[in-house]
Every structure is written in structure tokens, then in C-alpha cells.
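Participant: no sequence on this one, just coordinates:
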């Protein structure tokens, strides 16, 4: 084992400088817990709400003590997902060795106060996964999981969409921002959403939406009206992990009051993946996109317009000659969603929070074409971990509840939450401003989509194991559940091809090619299969 890896495995942050009161959690009922002024509670929309305050170490301890059960459950879901991807014990050992090597320098790129917070949080992690890495390091690795995932396989696990509008594009002229966070690690991972209200000893109080065990920020707003949302870009594979992007955005929320301060913070951190950070600012009444990657940095600002869109490709001058980014625009679904946003803005003038919610929930293709549910070319891909709407000048935030972004959007007022008023009322949300759930949730089409997702794993198993037979009825029922989606025909085609039923396979591949296929590589795969099938039929 190299000296660098040994040093990183043993690394524990210096925390002696922080005063600490070990939390004694008071359980009020099954869904409400408290310690001093720190709270965890579950609202009627099933969102967990966490309020914590203190120095970095105390924040970590308070967070861990209150969310321990939820955090351990989240860790279990995440690691069992990895086991599903890598079932062989030998390969799991290889992966573990690789992660130790890959993450060996991460702690050198994480602020010491965040390390102290992670250390406090990690005291409440499960013993079950100590074989992967010691608790503190494992916690830090998990904060880089989003980055590592899309760096290692260019896994676009995240095909997010965000937009900001102001002046003539909103009902009241104020800045309004919407985002879908399409990060999918399975339905179980998305069940326990956590809305965190954090009052750090230093810096600005903020709200963040993510999951238990997360101190980084993927979607959030601070009390000054700075908002951050992240969208993955196309990355080259870096040689070592640096600063996880969610800790860069956390730093922006905690310390920036305007766009210039946000840019300065992003500029000084070394990241290891490509990411777009949409930053909105009440003080500037404007929004920009900060585009970061391991060896480039750009800021995209709009001139002569009051709207800015962010999908998954870079738009600033710094990346105009970037070959990887150009290829991504041509081959992925990013440009399609960008055009769809333009179309929706033409149809929906003068946006307000309700209209923004309807944009984030839109499931159709360009010109309202039916492209199948779950198609990544849609703004709403029916897999979002959460959607959020920000009104920075009013300090209001709306957070979607399950399922996806279809449930009721719960409204939070940061002016009230970080004030004496909340301490007296004990309430977090402004239910009078909530946005109603999408009627689609109660439709037969949605029930069909949920059944389609369950049957998808059965057809995948049958494709992988040729001895597993599926009936004609099963396949036609599976296709009837999501008839506009290209994938149901492609999967059926692959199944028939493996069963050497080439005439049936040909029909299915031809049907798939009549639908709106998600990416250029996907379309090429269908065409390759069709070509192989035609050769077999000769």
C-alpha cells in the first residue's frame, strides 16, 4: 500500500478547537425529534424537515444524532445498489481498493470546517460498512459519489433541467428559478427526502434539499437570496478525486451574498468533474451559470434577455471549442430539452410559481409530441429525486413531495424560518402558498407507468438469461403500458433476437425506430441490432 493511501486512510480532522455538547435526542413521537433548538420532523407531505445550528462539529453531531436511522438506511440503500451493480466479491474488493486509491487526496481539497462537520456526522454512521472505509472517510467518499459516478462511466445519472426568468418573463417582474434534480439511485433512495435549514456559527443561514447524511448542496437558497442548483456536464476521467461539487455549492450558499462572490468561491476550488452551477441572486436580480471542470472555468451570462436555461451542456465562451462538449450537444438529450424549454416559455408568458411547476412537470416532446413516459428528452423524466422553485427576492422556496415532482410543492419562507417567529410557532412551511399536486398522479397512465417500471426488470432479466421465457401476452402487455416509448420495442426486439426469433425481432426494432429515441448512441444501437437481424434472416 502506498504511503499516500495509508496516510489518507488514517486521516482524521482536527476538531479540538470546537466546543461540543453531545446531543441527547428527545423523541416527541415517531416522526418528531429534538435536541435544544435542533429539530427533525416529518410533514404531512412526507418530507423530512431538519433544523440545525452551531459550530461545524456541533452541526455534524446534531445532524447525525437526529437523522441517525434515516442516514443509516440511506447508506444501506446506496451500498446495496453498488452491490447490485458489482455482485462479485472479487470485483467488490477491486472497487474498494480503487476507491481508496482514487480518493486518497480528497481530504486535501475539502475545507477543514466541512471535514469537522463530516466527522461529527460520521459518528452516527453504521458499523456495517466499516470494511469499505472508516466512517469519516466513507462519509466523505459518499459526498463525492455523484462526481465519481459520472466521472467513472460518464454515467449521466443526472440529466437535470433548470431555468431562471425575471423582468418581463414573470408575473411580478421578480426573479423566479425552477429546477428538476434527476438523480436516480432507485425509488427507495428518493423516499426519504430531507429539507435542511442550517444556521451555521459563521456565514449565512440556508435551506438545502437532498437526503439524510448529506452536508453538501445540490439545490438550495440562503437567507440573502442566493440560490444554487447543479447540472452534470460531460467529463473526462480525472486521475484523482478533488473537491466534491456539492461542497463547492455549499460554500457558495454559506458565504456568498451576490453573484461576484459566488464566482470567486467557485473559482478557487479544484473540482474533478464537469458541472454547471446555476446561481440566482436577489441582490443582483439576475442569474448566471458558472461552468466548472478539472481544467477549465467559464461564466455564462445573458445579455438583452431576462431568461437563462441550463440543461447538461456548457454555453460559455470558455467551452466553445471543447470537443467533448460539442459531441455531447450533438449526441445527448441536452439540446432537445433546451429547445423544449424555449418552446414552453413561448407558450407560458409571465411565469408565476404555479406555471413554473407545470413546466417542471411537462412530460411531452417538442411540439407536444408524445415521446413515452420516462424519456430523458422530456423536462419531466419521471425519475426526479426532487424539484424546487425559488423566489429569491421574497425568500420563498417550494419543494416537491413524492412521487418525483408530481406531489404537492411545499412552500418555505426563509425570513420566517430563520427568525423568532418560527421558534414560537414551531412550524416550517407556509401551507397557504403550497402548489397542488399534479392530477396526473391519480391517472391510469401514471399507474401504467409504475407497472411498466416493475416489468422492465423482468424483461431485462430475460434478455440477460436466455433460458428465461416470456409469453407473447407479457410482451404486448408490457408495451401497452408505455406505448409511445421507443425502449419497450427495443427491449422486446433484443429478447426475440436472443431467442433466435428473428422475424419478430425485426418488427420490434423497426417499431423502435419510428419513435423519439433518447440519444444518438441509443439510435445507433437499435440500427446495429436491426442490421444483425436482417443478416440472420437472409
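Facilitator: Cool, the structure landed. Only a predicted model underlies this, so the values are computations on that prediction, with no experimental measurement involved.
Participant: May I see the buried residues of stretch 177-187?
Facilitator: By 16 or more other CB atoms under 10 Å, the buried positions in stretch 177-187 come out as 177, 178, 179, 180, 181, 182, 183, 184, 185. Every residue, glycine included, has its C-beta placed from N, CA and C.
Participant: which residues are contacting it?
Facilitator: Residues from elsewhere that reach stretch 177-187 (CB atoms under 8 Å, 6 or more residues apart in numbering): 77-78, 81, 146, 157-165, 190, 209, 218-219, 227, 229, 278, 280, 287, 356-357, 359-360, 376, 379-381, 383-390, 392, 405.
Participant: Give the helix, strand or coil label for the nearest residue to residue 188 once chain neighbours are set aside.
Facilitator: Leaving aside its sequence neighbours, residue 188 sits nearest to residue 77 (CB to CB, 6 or more residues apart in numbering; 4.9 Å). Counting by DSSP: H, G, I helix; E, B strand; the rest coil, the backbone at residue 77 sits in helix.
Participant: these two touch, right, residue 77 and residue 211?
Facilitator: No - under the criterion of CB atoms under 8 Å, residue 77 makes no contact with residue 211, lying 9.4 Å away.
Participant: Quickly list what the residue nearest the centre of the chain is bridged to.
Facilitator: When CA atoms, centre = their mean is applied to the chain, the residue found nearest the centroid is residue 183 (3.5 Å). On the basis of DSSP bridges, residue 183 is bridged to residue 158.
Participant: okay, it: pLDDT?
Facilitator: With respect to pLDDT, residue 183 scores 77.
Participant: got it, and residue 205?
Facilitator: 97.
Participant: how near is it to residue 227?
Facilitator: Per CB to CB, to the nearest Å, residue 205 is found 14 Å from residue 227.
Participant: out of the contacts of stretch 177-187, which are buried?
Facilitator: Those of the contacts of stretch 177-187 that meet the buried threshold are 77-78, 146, 158-165, 190, 209, 218-219, 227, 229, 278, 280, 287, 356-357, 359-360, 376, 379-381, 383-390, 392, 405, by 16+ other CB under 10 Å.
Participant: Narrow the residues you listed to those in helices?
Facilitator: Judged by DSSP state H, these include 77, 78, 146, 190, 356, 357, 359, 360 as members of helices.
Participant: Flag whichever of those residues scores worst on pLDDT.
Facilitator: The pLDDT minimum for those sits at residue 146, where the score is 65.
Participant: Only the buried residues of stretch 334-351, if you could.
Facilitator: Within stretch 334-351, the residues scored as buried using 16+ other CB under 10 Å are 334, 335, 336, 337, 338, 340, 341, 344, 345, 348, 351.
Participant: Chain neighbours aside, what residue packs nearest to the third one?
Facilitator: Nearest residue to residue 336 in three dimensions, chain neighbours excluded: residue 377, at 4.6 Å (CB to CB, 6+ apart).
Participant: what residues are up against that neighbour?
Facilitator: The contact partners of residue 377, taken as CB under 8 Å, 6+ apart, are 333, 336, 337, 340, 365, 371, 516, 518.
Participant: from those residues, which two are the most distant?
Facilitator: By the measure CB to CB, 340 and 518 form the most distant pair in the contacts of residue 377, at 13.3 Å.
Participant: picking up where we left off before, which residues are common contacts for residue 77 and residue 211?
Facilitator: By CB under 8 Å, 6+ apart, the residues touching both residue 77 and residue 211 are residue 189.
Participant: Phi first, then psi, for the closest residue to residue 162 other than its chain neighbours.
Facilitator: Leaving out its chain neighbours, the residue that sits closest to residue 162 by CB to CB, 6+ apart is residue 179, at 3.7 Å. Dihedral pair for residue 179: phi -150, psi 140, per degrees, to the nearest 10.
Participant: pLDDT score assigned to residue 449?
Facilitator: If you check residue 449, the pLDDT there is 97.
Participant: for the protein, which spans come out with low pLDDT?
Facilitator: 1-10, 81-104, 146, 148-159, 234-241, 325, 328-331, 422-426 (pLDDT under 70).
Participant: run the last query once more with 80
Facilitator: Residues of the chain that meet the criterion pLDDT under 80 lie in 1-11, 78-109, 141, 144-159, 183-186, 232-242, 272-273, 312-333, 420-428, 466.
Participant: picking up where we left off before, got the buried residues of stretch 177-187 as a markdown table, with distance to residue 399 columns?
Facilitator: A markdown table is the format used below for the buried residues of stretch 177-187 (distance: CB to CB, whole Å):
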| residue | distance to residue 399 |
| --- | --- |
| 177 | 13 |
| 178 | 12 |
| 179 | 11 |
| 180 | 12 |
| 181 | 11 |
| 182 | 15 |
| 183 | 15 |
| 184 | 18 |
| 185 | 19 |
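Participant: Taking the chain centroid, which residue in the protein is the extreme one?
Facilitator: The chain, CA atoms, centre = their mean, max distance from centroid: residue 538 (46.9 Å).
Participant: Columns distance to residue 171 on top of the ones in helices among the buried ones among the contacts of stretch 177-187, output as TSV?
Facilitator: Output for those, formatted as TSV (distance: CB to CB, whole Å):
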residue	distance to residue 171
77	40
78	40
146	34
190	31
356	10
357	13
359	14
360	17
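Participant: ok, these vs residue 264, which is closest?
Facilitator: Using CB to CB, residue 146 comes nearest to residue 264 of these, at 23.5 Å.
Participant: Helices of the stretch 351-500 of the chain, start to end?
Facilitator: According to DSSP state H, counting those that start in this stretch, the stretch 351-500 of the chain carries its helices in the segments 353-360, 414-417, 420-425, 444-464, 472-480, 486-498.
Participant: quick one: stretch 52-70 to chain centroid distance?
Facilitator: Offset of stretch 52-70 from its chain centre (CA atoms, centre = their mean, to the nearest Å): 22 Å.
Participant: got it, and stretch 197-210?
Facilitator: Remark: stretch 197-210 is offset 19 Å from the chain centroid, using CA atoms, centre = their mean.
Participant: Could you give me the buried positions within it?
Facilitator: 197, 198, 199, 200, 203, 204, 205, 206, 207, 208, 209, 210.
Participant: helix or strand for the first one, which one?
Facilitator: Pointing back at residue 197 there. strand 194-200 (DSSP states H and E).
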